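Asks: Next input, structure requested:
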Amino acid sequence: MELIRENIYNSFIYQDRYKYYLTGLGNTIIMAFFACLIGVILGLILSLVIDYNEKTGKLYLLSAFARMYIGIIRGTPALLQLMILYYIIFKSVNINIVIVGIISFGLNSGAYVSQIIRSGLISIPKGQEEASIMLGFNYFQTMKYVIMPQALRNVLPALSNEFITLLKETSVAGYIGILELTKASDIVASTTYDYFFPLLIVAIIYLILTLGLSKLLNLFERRLSK
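Replies: As a prediction, the model looks like this:
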């Protein structure tokens, strides 16, 4: 027990090493939160563009671009996208590295969210849309008042899983130098020469975050169902 206490002290308290974890936790939450917002907005736009094209035949070029974008993003690793964005696209731009992470994870999440929302749109019976059109609603009014509220409720569990996955996916941000939780454990371990306790601390933090987010999303889902 004395050895365990000493290792925990060296990995967390000695020389204020807990500050690495706090900074990493803050950057992880910031990246996950804003990337989630970007992902939802982008995913909603992509799904509506494709759905509108399928039902009206319009916006063909935008729909083709959206499909190509989704295919490329889903077909390449998130780490590769992050490195391309940082080392190539933003190479000569003076930008906060955390913002690069937010943009990268947001663009990645948007492709997956779009497919989730599309599955929700497909799950709504076509008769409801036809009835809305008969009542004089246009496409966007039908989406806003009839289809989308039901579709989002149907896909909420899948969206919840995507948000949790996004939170854990930020762990690769350390590859471009962002001090997130996994990077924090690596920095501490490089000074203590002990990887077990720094990684254990980070694993516990991630577990608390994901369980808390799961509870929050389940609560929101129950309230939405009512």
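Asks: looking at it, residue 147 is touching residue 126, isn't it?
Replies: No: judged on CB atoms under 8 Å, residue 147 makes no contact with residue 126 at a distance of 10.0 Å. Using the backbone N, CA and C atoms, a C-beta is placed for each residue, glycine as well.
Asks: packing partners for the one helix or strand residue 215 maps to?
Replies: Using DSSP states H and E, residue 215 maps to helix 196-225. With contacts taken as 3 or more CB pairs under 8 Å, 6 or more residues apart in numbering; DSSP states H and E, helix 196-225 sits against helix 2-8, helix 18-56, helix 148-169, helix 181-192.
Asks: what's the most buried one of those helices?
Replies: By mean neighbour count, with neighbours taken as mean count of other CB atoms under 10 Å, helix 181-192 ranks first of the helices and strands packed on helix 196-225 at a mean of 20.
Asks: what angle sits between that helix and helix 18-56?
Replies: Going by axes from the mean of the first three to the mean of the last three CA atoms, to 10 degrees, helix 181-192 is angled at 150 degrees with respect to helix 18-56.
Asks: Export only the CA atoms of helix 181-192, formatted as CSV.
Replies: Taking Å, rounded to 0.1, in the frame of the first residue of the first chain, the C-alpha atoms of helix 181-192 are listed here in CSV:
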residue,chain,number,x,y,z
LEU,A,181,-5.7,13.7,-21.3
THR,A,182,-3.7,11.0,-23.0
LYS,A,183,-0.9,13.4,-23.8
ALA,A,184,-0.9,14.5,-20.1
SER,A,185,-0.4,11.0,-19.0
ASP,A,186,2.5,10.6,-21.4
ILE,A,187,4.2,13.7,-20.1
VAL,A,188,3.9,12.6,-16.5
ALA,A,189,5.0,9.1,-17.3
SER,A,190,8.1,10.4,-19.1
THR,A,191,9.2,12.1,-15.9
THR,A,192,8.3,9.3,-13.4
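Asks: Give me the average confidence score over that helix.
Replies: For helix 181-192, mean pLDDT is 87.
Asks: so how far is it from its chain's centroid?
Replies: Here helix 181-192 shows a centroid-to-chain-centroid distance of 24 Å under the convention CA atoms, centre = their mean, to the nearest Å.
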